[in-house]
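> build me a structure from this.
(chains A, B, C and D)
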Protein chains: 2
Amino acid sequence: MRTDTTFKRAFNDMIDILRTLDLGEELPSENALRTQLGVSRTTVRKVLAGMSARGIITSEAHKRIMREQPRQIERYPKEETLAISEQVETNFMEWMLRDNACPGTEINEAELARRFGVATTIVREFLNRFQRYGLIEKRQNAGWVFKGFTASFALELFEIREMFEMRSARLFATLPDGSPVWKQVSAMRTAHLELLADIDARFQDFSELDSRFHRLIAAVAPNRFIESFQDVIAIVFHYHYQWNKRDERTRNEVAIREHLALIDALESRNISLIDRTCRSHLTSARETLLRSIV
Amino acid sequence: MRTDTTFKRAFNDMIDILRTLDLGEELPSENALRTQLGVSRTTVRKVLAGMSARGIITSEAHKRIMREQPRQIERYPKEETLAISEQVETNFMEWMLRDNACPGTEINEAELARRFGVATTIVREFLNRFQRYGLIEKRQNAGWVFKGFTASFALELFEIREMFEMRSARLFATLPDGSPVWKQVSAMRTAHLELLADIDARFQDFSELDSRFHRLIAAVAPNRFIESFQDVIAIVFHYHYQWNKRDERTRNEVAIREHLALIDALESRNISLIDRTCRSHLTSARETLLRSIV
DNA sequence: CACATGTTTCTTATGTATAAAAAACGGGGG
DNA sequence: CCCCCGTTTTTTATACATAAGAAACATGTG
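Below is the predicted model:
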């Protein structure tokens, strides 16, 4: 009943590993592969068996040899490497953000399960996890209510975000020169500059950089609740902007420049400058989001 | 497969409703009872059928009459009125806070299900919901890790709590005289004074009052993420202090006095006084919690 | 004896089944 | 036509089943 997405993902990854080997070369041990692929040895063995069956490697006694370069053709398609629970997330976000989904809509576990073609258990599990994002609410012995991806959602989200982010940014002013964080900040600046230099081609890479940037700032003083809130922000932005591409290039370019200003401010250790720069970035991000909600 | 806890709870509640009626009096309509009991009409009818079967009421055509006062004996025991998912919560919190459960302990869905005598589905569902409290973490394709009810958990919790609470408390300074909130604040003071007057007998009632007090403060400017965080606080305090009774009376009395001081401060609209009083209460609550963790 | 591979056992991810509860439907009386 | 009650349909809460994956155990080889 369980899908073999872990196997398929590992299989695809193994192709990349094999491509680094020469013909006739001996493969790493199962345990080494286990670490490289990040799966259990059981799955490693299944992958190796698959490679054997395709004639890509040969398994002699206690020895596996590269026989033939695997071709990209052999890869499993991306969809088959996603666990059902991940597909449900995508399906649901799409339903919510792209289709109808006006505030107050009742969410029906059974119907979603039918629509997505999965078991109710999975939908239920997803909704239970998704609850923490503040977009749905459960009613006892009945279904869920969708509260809407509304302006007030965005405002509440940003109120918290501002509290958290200002708290972390301010802490930078007190960070000693020797802290390893400064190196990461500096690397972050480089990454931003590189993206900016090639913005026309790479503007879509910003989303991931954005998330990494804000996580770096928060990580200056770890707090599990703040980190968990960043998951909320990440998922909201990821999916929302995935279906709202308006002005994407401009939007991202503006944000990059704001990030660079904030990096300068952090390095200056000037607390009032940090405050101003950080708040202005958040205000601008909030306005951008609000404008795109309508 | 599903338990009939909703029915049993409604049945017990119905006994209380029937006790307000005279013998021979006609019962309210099914719809009216539905609202009073907060369940579906299906369940109301099941309850009525049960009452009929016991001879407590008679059902003539389109008319139900009180026949006999129900006795308390007829009540279902409390345990049978709790949904399995609620029992699992209690069981789990008990396992976590009272039994072993040191940081890093691996949590095994299957084993917990066996231990609690329930289906794995339910345990899984519970863990998924419980994840947001920041005490457990999931590892892909494997079990969960208990992060420990540690000092750092308490510190992180209180860092957020302070941010949120100070934010709300400060807003009181700008609240107009006519705001209905002031009535609620004043009622809150009365409730505290009453509890204080009878502290020796009622000190255990504080926990619930505490939660209501902090929710009232937060409600001055509703934010779903803050409200959701208060659930975290509520559950942590509820269960933790349920098994840590040391100094309970003193602890609660101190907190009541701090609440009263905060109420005075709020009413004064003096922002620096509010700040000071609020922070000092939170500091004291934090220290109390830290002391009880050891 | 350290580490690699082969084998067995246990756990998780996901589907299916079903009683309980909710919701929808429908007829009848004031 | 609105509300009440009887009936039917749909959905949720919970149990159980099973393939995939992880972990534990066993055996072999340099």
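> what distance separates stretch A:181-201 from the centre of its chain?
19 Å (CA atoms, centre = their mean, to the nearest Å).
> can I get it in CSV, CA atoms only?
Backbone C-alpha positions of stretch A:181-201 (Å, rounded to 0.1, in the frame of the first residue of the first chain) are rendered in CSV as follows:
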residue,chain,number,x,y,z
VAL,A,181,28.0,34.5,11.8
TRP,A,182,29.7,37.4,10.1
LYS,A,183,31.3,35.1,7.6
GLN,A,184,27.8,33.7,6.8
VAL,A,185,26.5,37.2,6.5
SER,A,186,29.2,38.1,4.1
ALA,A,187,28.6,35.0,2.0
MET,A,188,25.0,36.0,2.0
ARG,A,189,25.9,39.3,0.5
THR,A,190,27.9,37.6,-2.2
ALA,A,191,25.0,35.4,-3.1
HIS,A,192,22.7,38.4,-3.3
LEU,A,193,25.1,40.3,-5.5
GLU,A,194,25.6,37.3,-7.8
LEU,A,195,21.8,36.9,-8.2
LEU,A,196,21.4,40.6,-8.8
ALA,A,197,24.1,40.6,-11.5
ASP,A,198,22.2,38.0,-13.4
ILE,A,199,18.7,39.0,-12.3
ASP,A,200,17.0,38.8,-15.7
ALA,A,201,17.8,35.1,-16.0
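> which residues of the stretch 51-200 of chain A lie near DNA strand C?
Proximity of the stretch 51-200 of chain A to DNA strand C, by CB under 7 Å from any atom of the strand, involves residues A:59, A:62, A:64, A:83-85, A:118-122, A:125, A:140-142. Where you see a C-beta, it was placed from the backbone N, CA and C, and this is true even at glycine.
> which of the residues you listed count as buried?
Neighbour counting with 16 or more other CB atoms under 10 Å in any protein chain shown marks A:64, A:83-84, A:118, A:122, A:125 as buried within these.
> among the residues you listed, which ones are in strands?
The members of these that map onto strands under DSSP state E are A:R64.
> TSV please, covering the buried ones among the residues of the stretch 51-200 of chain A next to DNA strand C and showing pLDDT.
Shown next, in TSV, are those (pLDDT from 0 to 100):
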residue	pLDDT
A:R64	90
A:A83	97
A:I84	97
A:V118	97
A:I122	97
A:E125	97
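> just the buried ones among the residues of the stretch 51-200 of chain A next to DNA strand C that are near chain B?
Here is what survives when those are matched to chain B using CB under 8 Å from any CB of the partner chain: A:E125.
> from the buried ones among the residues of the stretch 51-200 of chain A next to DNA strand C, which land in helices?
For those, the ones inside helices are A:84, A:122, A:125, with DSSP state H as the criterion.
> and A:P77, backbone torsions?
As for A:P77, its main-chain torsions (degrees, to the nearest 10) stand at phi -60, psi 150.
> my read: A:T3 touches A:I84, true?
Yes. Contact between A:T3 and A:I84 holds when scored by CB atoms under 8 Å: they sit 5.8 Å apart.
> list the buried residues of the helix or strand hosting A:M51.
In this structure, A:M51 sits in helix A:41-53 according to DSSP states H and E. Of the residues in helix A:41-53, those with enough neighbours to count as buried (16+ other CB under 10 Å) are A:43-44, A:46-48, A:50-51.
> which residues does the lowest-mean-pLDDT helix or strand in chain A contact?
Across the helices and strands of chain A, mean confidence by mean pLDDT, DSSP states H and E is lowest for strand A:57-60: a mean of 86. The contact list for strand A:57-60, computed with CB atoms under 8 Å, 6 or more residues apart in numbering or on different chains, reads A:18, A:27, A:48, A:51-52, A:64-67.
> could you do stretch A:240-251 as well?
Contacts for stretch A:240-251 (CB under 8 Å, 6+ apart): A:94, A:97-98, A:149, A:199-200, A:203-204, A:207, A:288-289, A:292.
> go again using 6 Å as the cut-off
Outside stretch A:240-251, the residues that touch it by CB atoms under 6 Å, 6 or more residues apart in numbering or on different chains are A:97-98, A:203, A:288, A:292.
> give me the distance from it to the chain's centre.
Distance of stretch A:240-251 from its chain centroid, counting by CA atoms, centre = their mean, is 17 Å.
> what's the end-to-end length of that stretch?
Distance between the two ends of stretch A:240-251: 14 Å, counting by CA to CA, to the nearest Å.
> give me the buried positions along the longest helix anywhere in chain A.
Using DSSP H to assign secondary structure, the helix with the most residues in chain A is helix A:271-293. Within helix A:271-293, the residues that qualify as buried are A:273-274, A:277-278, A:281-282, A:285-286, A:288-289, A:292, counting by 16+ other CB under 10 Å.
> ranges for the strands of the stretch 151-294 of chain A?
Ranges of strands within the stretch 151-294 of chain A: none, based on DSSP state E, counting those that start in this stretch.
> got it, and the stretch 1-150 of chain A?
If you assign secondary structure with DSSP E, counting those that start in this stretch, the strands in the stretch 1-150 of chain A sit at A:57-60, A:63-66, A:106-107, A:136-138, A:144-146.
> and A:G55, how far is that from chain B?
For A:G55, the distance to chain B equals 29 Å [CB to the nearest CB, to the nearest Å].
> burial count for that residue?
10 (other CB atoms under 10 Å in any protein chain shown).
> what values do phi and psi take at it?
phi 80, psi 10.
> need the per-residue pLDDT for it.
Among the per-residue scores, A:G55 shows a pLDDT of 90.
> how about A:N100?
The per-residue pLDDT reported for A:N100 equals 63.
> who in chain A is up against DNA strand D?
Neighbours of DNA strand D within chain A, by CB under 7 Å from any atom of the strand: A:1-8, A:39-43, A:46, A:61-62, A:107-111, A:120-121, A:124, A:140-144.
> so where's chain A uncertain?
Low-confidence regions of chain A, defined here as pLDDT under 70, cover residues A:61, A:100.
> rerun that using 80 as the cut-off
Applying pLDDT under 80 to chain A flags the ranges A:60-62, A:72-73, A:99-101, A:294.
> show me how it divides into domains.
Domain ranges of chain A: A:5-78, A:84-146, A:151-293, per automatic domain parsing.
> tabulate the ones you listed (TSV), appending distance to B:L175.
Conversion of the domains of chain A to TSV gives the following (distance: least, CB to CB, whole Å):
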stretch	distance to B:L175
domain A:5-78	54
domain A:84-146	25
domain A:151-293	17
